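1. For reference, the sequence and a predicted model appear below.
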Amino acid sequence: MAITTSDVALDVVPLSGRIGAEIRGLDLHHPFDADTLAAVRATWLRHRVVFFPDANLTPAEHVAFARQFGDLTPAHPVIPGITGFPEVFEIDYQKTAKLAATYGKVSERTEGGRGIDWHTDVTFVERPPTGSILNAIVIPPYGGDTMWSNQVAAYEALSAPLRGWLDGLTAVHDGSAAFGPALKQRKEGVWEGEVYTALDPVEHPVIRTHPETGERSLFVNPGFTSHIKGLRRDESAHLLQYLYAHSTKPEFVVRYHWHAGTIGFWDNRATQHSVIADYGDQDRIIHRVTLHGDKPV
């Protein structure tokens, strides 16, 4: 499929009917011209997550590529970036004990911290990232895939009465269970220039409006959403469990097998993702940078 903006035609290969595409043939080592950048952004917005095979970027090139799409956040609200690159969050899945204690909520469906259950990145802050850009550093020859789910498609598939009710609800997001121990050990964290010593819960709408496309999407996730405000705990728990199951149905999902050197770029405002813990004791190391976001409305 060719996506054309002005005189730019990208080589775009969709990966499923509702989410995911590869963009092939672009050189990511140098800045895009304005038309190419606009075409890539349009493709990203359309497909929610895009991949650039064989990019093979250094950390400096990774950061430079990401800056074309917006301002960068620190690596993580709690975990510092790699040496020399405070924007780059390294996740080494060999360090399973540290991962389980400090990154994401590891559920009964994962294996010792070597996978991550469904979540949207850093929704436990007032302004979650706009997008995440991942650089595959060390990838096992089999297993270790990542899945993404289209939360716009999931919202649109709900019945009109249920959509109408959800539109007025607010959810509480809390990162303390996942990252509280790491913050306690580090004493303080930094996010968007603010220094803090505790991860206070924040509130976001259950349904958010995308600031660029105007589309509405589900914005709750099992990684960081604790409950829905105003409902009894049992009501909240049952509703969230339904929404989690609905929002990750196979028809809304793409599954991608990484190769070292691939860049993946997803819209954090309209997706959830999950790492599959099916690669045994093989090494899996990734680098991630995130784009400054806005307050969900």
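-> Sure thing, it's come through.

2. Quick one: mean pLDDT over the helix or strand hosting residue 171.
-> Using DSSP states H and E, residue 171 falls within strand 170-173. Averaged across strand 170-173, the pLDDT comes to 98.

3. Same check on stretch 128-145?
-> Mean predicted confidence for stretch 128-145 is 97.

4. Could you count how many residues lie near residue 293?
-> Residues lying near residue 293 (other CB atoms under 10 Å) number 23. Where you see a C-beta, it was placed from the backbone N, CA and C, and this is true even at glycine.

5. which intervals of the stretch 101-250 of the chain have sub-threshold pLDDT?
-> Filtered on pLDDT under 70, the stretch 101-250 of the chain yields the residue ranges 101-115.

6. If we use 90, what do you get?
-> The model of the stretch 101-250 of the chain has pLDDT under 90 over residues 101-116, 178-187, 190-196.

7. returning to what we had before: just how off-centre is whatever helix or strand comes next after the strand holding residue 171 within its chain?
-> Per DSSP H and E, the first helix or strand lying C-terminal to strand 170-173 is helix 176-186. Offset of helix 176-186 from its chain centre (CA atoms, centre = their mean, to the nearest Å): 20 Å.

8. For helix 176-186, name the packing helices and strands.
-> Packing partners of helix 176-186 (3 or more CB pairs under 8 Å, 6 or more residues apart in numbering; DSSP states H and E): helix 96-102.

9. Just give the strands next to the helix or strand that comes right after the helix it packs on in its sheet, each with its orientation.
-> Using DSSP H and E, the helix or strand that follows helix 96-102 in sequence is strand 116-119. Counting by DSSP bridges, the strands paired with strand 116-119 are strand 271-275 (antiparallel).

10. So what touches stretch 230-242?
-> The contact list for stretch 230-242 (CB atoms under 8 Å, 6 or more residues apart in numbering) reads 169-170, 220, 222, 225, 227-228.

11. hang on, the earlier thing: which helices and strands does the strand holding residue 171 pack with?
-> Partner elements for strand 170-173 (3+ CB pairs under 8 Å, 6+ apart): strand 202-205, strand 225-228.

12. which parts of it are buried?
-> Going by neighbour count (16 or more other CB atoms under 10 Å), the buried part of strand 170-173 is 171-173.

13. any idea which of those is closest to residue 250?
-> residue 171 (24.4 Å; CB to CB).

14. dump the residue contacts of that closest one.
-> Counting by CB under 8 Å, 6+ apart, residue 171 touches 203-206, 219-220, 225, 227-229.

15. So in that sheet, which strands flank the strand holding residue 171, and in what orientation?
-> Going by DSSP bridges, the partners of strand 170-173 are strand 202-205 (antiparallel), strand 225-228 (antiparallel).

16. next helix or strand past the last one?
-> What it means is strand 225-228. Moving toward the C-terminus from strand 225-228, the next helix or strand (DSSP H and E) is helix 233-247.

17. could you give the angle of that next one to strand 271-275?
-> Comparing the axes of helix 233-247 and strand 271-275 via axes from the mean of the first three to the mean of the last three CA atoms, to 10 degrees yields an angle of 80 degrees.

18. just to revisit the earlier point, mind putting the strands paired with strand 170-173 into TSV with distance to residue 137 and mean neighbour count?
-> Formatted as TSV, these follow (distance: least, CB to CB, whole Å; neighbours: other CB atoms under 10 Å):
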stretch	distance to residue 137	mean neighbour count
strand 202-205	31	18
strand 225-228	30	20
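
19. Quick one: these as a markdown table, columns for distance to residue 181 too.
-> Below are the strands paired with strand 170-173 laid out as a markdown table (distance: least, CB to CB, whole Å):
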| stretch | distance to residue 181 |
| --- | --- |
| strand 202-205 | 19 |
| strand 225-228 | 17 |
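
20. mind checking which of those strands is nearest residue 286?
-> Ranking the strands paired with strand 170-173 by proximity to residue 286 (CB to CB) places strand 225-228 first, at 23.9 Å.
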